[in-house]
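> Here is my input; please provide its structure:
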Amino acid sequence: MTQVLRTILISLIGFGMISPGAYSQEIASFEISVPEGHSAFPVGLDLDEITHLADTLLDLVEVVNGQHHPVNHQIEKEGVRRLVWMLQPGVAKRTFTLRQKASTPQQLTITVAKEDGGIIIGNNTRPLLRYNFATMFPPEGVNEVFKRSGFIHPFWSPSGKVLTRVQPPDHYHHYGLWNPWTQVEFKGKRVDFWNLGEKQGTVRFANFISTESGPVFGALKVLHEHVVFNGDEEEVALNEVQGVKIYQAENQQDAYFMDISIQLNCATDSPVILKEYRYGGLGWRATELWDRDNSEVLTSDGNNRATSDGSLARWCIVQVELDDGFAAVVMMSFPTNYNHPEPLRIWPEDIYDRGDMFANFSPTKDKDWPLEPGKVYQLNYRFYVSDKKISAEEAERLWQQYANPPAINVKLISQK
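Here you go, the predicted model:
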């Protein structure tokens, strides 16, 4: 047996820690130090840097006081293989071992299932998110131009509270959690994909790319088309690949993570310019139960509901205390996003009668975003959804774990 000792420092969305190999089947050890007091969060590293063994021959354990404890893990296969697991709360210094072994079948913790025109992602107890691929039509008597597909509604709190709203009478074009652009220049014309009542364009579901259930996360990836209306004809100006991924630790039922990735590319040889406008991009219309009297906003720069609109933010908390409990969401922007830290569109407290809640990371709020043919543009967001009130300190820690994950110290133990 040849001893190969190599250390690789990897700074990814994940981390892991491992101890020296005591068994011949051990492949690598992962070591990491994290701040004490953290809650469970997803971590991972590139497998192809370590081994090319088949996924079914890999097993992950945490080493604690010489004892090996199995760890639920999952392998992503998007471009590079990534080993992903949830880091549970515990001591600041952790050790994990990757072993060559036919791993014991793991229970599906997060499931993805098709249901009546939608995809439900949930745990073994309740649904957490519904993605709607079928077209939803507006209420009877409302112009059919307000129909839409390719949006998230509802997403629920961990305890089952609905957190989104669709087709409210004040904005029939609002669809839960959705991603259109408001002022777009395409072939010398201005197109509005957001305000469907303008009859200039829409965004629609085009096809599935993948779905996956697993012991660590459930995921879907879909293709959306941003369609321009030219009289009776249509033309796709922009393609969008949207990925949605839900993580939840098996022993933490009061919180979960929702990651949303958005890839944009021009659908023709003509460029697309996402023009400066006060809102556009990933928007969230909150449930009608949230208003100025019971909801709270706090941003990474200390702004509240009254001062957050137009401010720049790494993260934004939107949370509410209701009679039967609490619901809180932290919206997080990844540092590589265009115009990060991103401008916010937060509806002011005096909007409409009740001060309804609308929250939007709007990267084009204060500048244009030119998209060139032949290039791919990426946006990444993480939502942390909790049944408990979230402090500014906790939101900052969550964002740091997302944006600046700890380095993974990897030692290859042996290779034959």
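> Report the central residue of the chain.
residue 259 (1.4 Å; C-alpha atoms, centre = their mean).
> Wait, a strand at that residue?
Yes: checked against DSSP: H, G, I helix; E, B strand; the rest coil, residue 259 lies within a strand.
> so how far is residue 120 from residue 111?
Distance from residue 111 to residue 120, counting by C-beta to C-beta, to the nearest Å: 8 Å. Placement of C-beta: from N, CA and C, glycine included.
> any common contacting residues for these two?
Both residue 111 and residue 120 lack any common contact, where contact means C-beta atoms under 8 Å, 6 or more residues apart in numbering.
> mind listing the helices for the protein?
392-403 (DSSP state H).
> residues of stretch 396-403 that come out buried?
397, 398, 399, 401, 402, 403 (16 or more other C-beta atoms under 10 Å).
> before we move on, the earlier item: got the contact list for the residue nearest to the centre of the chain?
With C-beta under 8 Å, 6+ apart, residue 259 has these contacts: 243, 244, 245, 246, 247, 380, 381, 382, 383.
> Could you give the bridge partners of the first one?
This means residue 243. residue 221, residue 261 (DSSP bridges).
> Do I have it right that it meets residue 219?
Yes: in this structure, residue 243 is within contact of residue 219 by C-beta atoms under 8 Å, at 6.7 Å.
> ok, these two, which is more surrounded?
residue 219 (22 against 17; other C-beta atoms under 10 Å).
> For residue 190, which non-adjacent residue is spatially closest?
residue 183 (6.2 Å; C-beta to C-beta, 6 or more residues apart in numbering).
> what's the distance between the residue nearest to the centre of the chain and residue 240?
For residue 259, the distance to residue 240 - C-beta to C-beta - is 16 Å.
> Also residue 331?
Counting by C-beta to C-beta - residue 331 and residue 240 are separated by 19 Å.
> And for residue 67?
Distance from residue 67 to residue 240, by C-beta to C-beta: 47 Å.
> okay, those two: which has more neighbours?
residue 240 (22 against 8).
> wait, doesn't the more buried one sit right on residue 226?
Yes: counting by C-beta under 8 Å, residue 226 is a contact partner of residue 240 at 6.5 Å.
> what sits in contact with each of those two?
Common neighbours of residue 240 and residue 226 (C-beta under 8 Å, 6+ apart) are residue 203.
> Name the nearest residue to residue 33, sequence neighbours excluded.
residue 93 (5.1 Å).
> nope, residue 119 is what I was after
In space, residue 119 is closest to residue 131, 4.5 Å off (C-beta to C-beta, 6+ apart).
> which residues sit in contact with the closest residue to residue 266 other than its chain neighbours?
Distances taken as C-beta to C-beta, 6+ apart put residue 373 closest to residue 266, at 4.3 Å, once the chain neighbours are dropped. Counting by C-beta under 8 Å, 6+ apart, residue 373 touches 265, 266, 268, 269, 270, 271.
> and if you look at residue 396?
Per C-beta under 8 Å, 6+ apart, neighbours of residue 396: 300, 315.
> With that, I have no additional questions.
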